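Asks: Here is my input, please return the structure:
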Amino acid sequence: MEPISITNKPSYRINFTKMQGAGNDFVVFEKNKVQRLNGDQSIVTYEEISGFTTKLSNRKLGIGCDQLIIIDDNPNDKNAAYGMGVINCDGNIENMCGNGVRCFTKYIMDNKVLSKNLKEQLKFDSDDNIEQIIETKSGIVKTYPLLKHHLNDKEKDVIMVKVNMGTSKVSRLQCEVDCQIPKTLTKQSPIESYMYTIDIGLPYCSKLECVYVSVGVNQCIVFVDRNIELGYLDSSYGDYSKFSTINIQDISGIIQRNINGFVDIANVEFVIQSQQDKLENKVISRVVERGSGETLACGTGACGVAVASILKGYCNEDTESIVEMPGGKLLIQWDSNNSEIYKTGPATTVFKSQILI
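Replies: From the prediction side, this is the model:
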């Protein structure tokens, strides 16, 4: 089959895999295998890739995706086996992607990608004891492909992947950056370190009480019922049956424009919970991601939602919290004593192809 071409004079040839994790979709490829068509044999830079990202991610004229996930077999951190680059569909480089790192892990396993850092390579067809150590802009992330998980589906090319997402941290106000506020967020953290009331200024949303959590990427979590109770948010937002259609883009845009002085708020999550959900230790969430708009799921966002839900009493930490987003469910375990977070969810291969761009 001839490769797809979306420009008259292509400059690069890319072998890629289209993947998705809980509906968050990605174009995944190896950085050192991107070919320049002018004969230059050097490895492409992230800046070059960023330059053609909007073409690749365009859902009409390109492949279409929320983000690019780029695999580097020779990361800077020599304790890591691989490096992961994340570029939003608007071309901006992101710190991390919780759903993307699961797809990254599956790609490594499927394609048996060797690491230039490892003296002893991974056993790709082994049992569930495989650990991948991945360098991201947010630091080291460890993943565990669950090759024997009961929810794996060979026919649909799905495996479950567990991810050590690191520790939950406090998002910071500009004026607090140099203050001696503990960065790690636990259940013992003072409420003023993670909960704020911010001005929104819309007819149907005057203010919002928000929980700010950093899980590699900074999250702002809005509990809908609490804000209706405070009189900040119009009561129409509390209709459980219409939660999937309410307008969250405008409010999220105001928060992401940083008008309240926060440092780098990337994603905004709106959360609801029915009585039945509470019995199941579950919350329902929608997310607006910086640079991508509303997406079907967000892994770091689901972690932030779970942490905030435990802090606010919507979920308990004795068992996994279920965060259900439009694209599916993610299982989150948070140890509020050491603040470590584990996330388990699916990684799916959609198709493989080649593109000239």
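Asks: what's the pLDDT at the nearest residue to E320 once chain neighbours are set aside?
Replies: Of all residues not flanking E320 in the chain, L331 sits nearest, at 4.5 Å (C-beta to C-beta, 6 or more residues apart in numbering). To be clear about C-beta, it is placed using only N, CA and C from the backbone, and glycine gets the same treatment. Here, the pLDDT recorded for L331 equals 97.
Asks: Next up, the contacts around L331.
Replies: Going by C-beta atoms under 8 Å, 6 or more residues apart in numbering, L331 touches E320, S321, I322, K343, T344, G345.
Asks: do L146 as well
Replies: Here L146 is in contact with D128, N152, I159, M160, V161, K162, T344 (C-beta under 8 Å, 6+ apart).
Asks: As a check, name the ranges of all helices in this structure.
Replies: 46-57, 98-111, 224-229, 249-256, 275-279, 299-311 (DSSP state H).
Asks: mean pLDDT lowest for which of the ones you listed?
Replies: helix 249-256 (a mean of 92).
Asks: Quick check: buried residues in that helix?
Replies: I251, S252, I254, I255, Q256 (16 or more other C-beta atoms under 10 Å).
Asks: In a markdown table: those residues, plus distance to L202.
Replies: Shown next, in a markdown table, are the buried residues of helix 249-256 (distance: C-beta to C-beta, whole Å):
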| residue | distance to L202 |
| --- | --- |
| I251 | 7 |
| S252 | 12 |
| I254 | 8 |
| I255 | 11 |
| Q256 | 14 |
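Asks: Weed out the non-buried ones from the contacts of L146.
Replies: N152, I159, M160, V161, K162, T344.
Asks: what's the span of stretch 121-136, first residue to last?
Replies: 20 Å (C-alpha to C-alpha, to the nearest Å).
Asks: mean confidence score for it?
Replies: Mean predicted confidence for stretch 121-136 is 85.
Asks: Which positions in that stretch come out as buried?
Replies: L122, I130, Q132, I133, I134, E135, T136.
Asks: And that stretch, how far out from the chain middle?
Replies: 20 Å (C-alpha atoms, centre = their mean, to the nearest Å).
Asks: same question, stretch 240-258
Replies: Per C-alpha atoms, centre = their mean, the centroid offset for stretch 240-258 relative to its chain is 18 Å.
Asks: Return that stretch as PDB; C-alpha atoms alone will do.
Replies: C-alpha atoms of stretch 240-258 as PDB (Å, rounded to 0.1, in the frame of the first residue of the first chain):
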ATOM      1  CA  TYR A 240     -27.100  14.100  36.100                       C
ATOM      2  CA  SER A 241     -28.800  13.000  32.900                       C
ATOM      3  CA  LYS A 242     -27.500  16.000  31.000                       C
ATOM      4  CA  PHE A 243     -24.000  16.100  32.400                       C
ATOM      5  CA  SER A 244     -22.600  14.900  29.100                       C
ATOM      6  CA  THR A 245     -23.900  17.900  27.200                       C
ATOM      7  CA  ILE A 246     -23.400  20.900  29.600                       C
ATOM      8  CA  ASN A 247     -21.100  23.600  28.400                       C
ATOM      9  CA  ILE A 248     -17.700  23.300  30.300                       C
ATOM     10  CA  GLN A 249     -15.500  24.800  27.600                       C
ATOM     11  CA  ASP A 250     -16.100  28.400  28.400                       C
ATOM     12  CA  ILE A 251     -15.500  28.000  32.200                       C
ATOM     13  CA  SER A 252     -12.400  25.900  31.500                       C
ATOM     14  CA  GLY A 253     -11.000  28.400  29.100                       C
ATOM     15  CA  ILE A 254     -11.200  31.100  31.800                       C
ATOM     16  CA  ILE A 255      -9.400  28.900  34.300                       C
ATOM     17  CA  GLN A 256      -6.700  27.900  31.700                       C
ATOM     18  CA  ARG A 257      -6.000  31.500  30.800                       C
ATOM     19  CA  ASN A 258      -4.600  31.800  34.300                       C
END
